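In: Structural data only, the sequence is not supplied:
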């Protein structure tokens, strides 16, 4: 139950700072430290998501180039076969 009490206190201090002009120094260190760790973990997860999406788009582009190359190769082979049969 201590976790919920600290969480409620943290929310209460945040509201005081936001609405009543309480200085940020008045918030106990143990409450601010935990919140900053949560923010850091959220920022880290957002950064990882961005990296994953960049990697996924890079793979999609590579697959597109491979498909285009194979298609061009098939077209060239077909043209060569048509030219050789007609001669």
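Out: Cool, got the structure. These numbers were taken from a predicted model, which means no experiment stands behind them. Numbers count the residues shown, from 1 in each chain.

In: Does anything pack onto the longest helix along the chain? Which helices or strands?
Out: Longest helix in the chain, counting residues (DSSP state H): helix 29-86. The helices and strands touching helix 29-86, judged by 3 or more C-beta pairs under 8 Å, 6 or more residues apart in numbering; DSSP states H and E, are helix 2-20. For glycine as for every other residue, the C-beta is placed from the backbone atoms N, C-alpha and C.

In: ok, back up a step: quick one: average confidence on the longest helix of the chain?
Out: Throughout helix 29-86, pLDDT has a mean value of 83.

In: Same question for stretch 6-24.
Out: 71.

In: Going forward, count from 34.
Out: Taking 34 as the first residue, the last one we looked at is stretch 39-57.

In: distance of residue 40 from residue 47?
Out: Here residue 40 is placed at a distance of 11 Å from residue 47 (C-beta to C-beta, to the nearest Å).

In: okay, these two: which has more neighbours?
Out: Using other C-beta atoms under 10 Å as the criterion, residue 40 and residue 47 rank with residue 47 on top: 16 against 13.

In: and the gap between that one and residue 106?
Out: From residue 47 to residue 106 the distance is 62 Å (C-beta to C-beta).

In: ditto for residue 120
Out: 22 Å.
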